[in-house]
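Visitor: Output the structure for:
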Amino acid sequence: MSQPQINFWPIRPSIWHSVLSLLAAITVAGSGSPLFGSQEEVVTQRWVDEIRGSRVLKDSLFQHDESSPLLADDREGFTGLLYYDVDLRFRLTGRLHRYARTRQVRIPDTNGTEMFVDRIGRFEFQFDGNPFWLEVMGSTRDDDMTVYFTDPTNGISTYPAGRYAPVLRERDGAYLIDFNSSYNPYCAYNPSYTCPLPPPQNRLSFHVEAGERLPGPDLAH
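Guide: Sure, this is the predicted structure:
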């Protein structure tokens with residue numbers, strides 16, 4: 001008997017890669033725009049606008065792009081993904097402690113098996129004055145880095161298996177996790193995908209009330 005074809009979740013999905021690439025272009029293009037109000041206010045508003053713009057773009061790609069993970073029946077009535085409001089508290093800079101060498105490690109997946117991912121290091125940060133760290137997966141060659149994480153919102157207001165968030169390197173050499181950009185794996189929308197699960201050490205004790213929420217009732221699997 002032939003085995004069913006399994007679609008594996010990439011470290012960074014093609015749709016989200018397109019969104020981040022466009023945001024980078026928007027940021028560069030907007031760097032010369034006139035400033036009104038304080039520098040801090042302008043930077044914050046620009047960041048909020050970028051997050052909101054990325055959400056509009058992602059909705060469009062989910063509905064119309066050929067690489068959308070949505071099932072055909074779900075696309076027809078799709079009205080957009082659900083998100084928390086943008087919250088500056090969850091935009092966190094920190095330090096990336098790189099391991100001596102990048103190595104492949106096994107982590108469990110949603111198919112009940114395991115897959116190999118590249119382990120890069122630990123992202124160390126603070127939230128509400130308390131220290132935390134998350135193990136970072138991905139590639140150092142192109143700074144394509146991601147954390148798979150869980151928190152107390154899972155199964156209540158966010159996807160039960162956990163979410164993913166990009167780790168970005170800033171121009172000053174610091175690193176950033178913006179949980180407002182955290183997103184669900186494709187298996188949240190389509191059971192034919194197999195997605196890596198967050199490792200046990202990436203369980204956060206605080207509620208990450210930012211980023212993508214549970215899919216609507218017609219998209220939950």
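Visitor: so what's the spatially most central residue of the chain bridging to?
Guide: When CA atoms, centre = their mean is applied to the chain, the residue found nearest the centroid is Ala165 (2.9 Å). Applying DSSP bridges to Ala165 gives these bridge partners: Val147.
Visitor: Now do it against Val147, distance only.
Guide: 5 Å (CB to CB, to the nearest Å). Any C-beta I mention is one placed from the backbone N, CA and C, and that applies to glycine too.
Visitor: what touches both of these two?
Guide: Ile177 (CB atoms under 8 Å, 6 or more residues apart in numbering).
Visitor: where in this structure is pLDDT low?
Guide: Scanning the chain with the threshold set as pLDDT under 70 gives 1-40, 42, 139-143, 216-221.
Visitor: rerun at 90
Guide: For the chain, the stretches with pLDDT under 90 are 1-47, 66-67, 73, 76-77, 100-103, 138-144, 169-174, 215-221.
Visitor: can you give me the helices in it?
Guide: With DSSP state H as the criterion, the chain has helices at 14-30, 39-64, 72-76.
Visitor: quick one on the thing from earlier: quick one: contacts for the residue nearest to the centre of the chain?
Guide: Ala165 makes contact with 146-147, 149, 177-179, 181-183, 211, according to CB under 8 Å, 6+ apart.
Visitor: Sort out which residues of the lengthiest strand in the chain are buried, please.
Guide: Secondary structure of the chain per DSSP state E: the longest strand is strand 91-108. By neighbour count on 16 or more other CB atoms under 10 Å, the buried set for strand 91-108 is 91-92, 94, 96, 107.
Visitor: quick one: stretch 57-73 to chain centroid distance?
Guide: 17 Å (CA atoms, centre = their mean, to the nearest Å).
Visitor: so how far is Gln63 from Gly129?
Guide: On the measure of CB to CB, Gly129 and Gln63 end up 41 Å apart.
Visitor: now Phe123
Guide: Counting by CB to CB, the separation of Phe123 from Gln63 is 32 Å.
Visitor: Equivalent analysis for Arg203, please.
Guide: Separation of Arg203 from Gln63 (CB to CB): 33 Å.
Visitor: what does Glu209 give?
Guide: 26 Å.
Visitor: In terms of neighbours, single out the busier of Gly129 and Gln63.
Guide: When Gly129 and Gln63 are compared for neighbours, Gln63 comes out ahead with 15 against 5, by other CB atoms under 10 Å.
Visitor: and the more buried one, what is it in contact with?
Guide: Contacts for Gln63 (CB under 8 Å, 6+ apart) come out as 70, 75, 78.
Visitor: Of those residues - the most surrounded one?
Guide: Among those, the one with the most neighbours (other CB under 10 Å) is Phe78, at 20 neighbours.
Visitor: Tabulate the contacts of Gln63 (TSV), appending distance to Ser54.
Guide: Below are those laid out as TSV (distance: CB to CB, whole Å):
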residue	distance to Ser54
Leu70	18
Arg75	20
Phe78	17
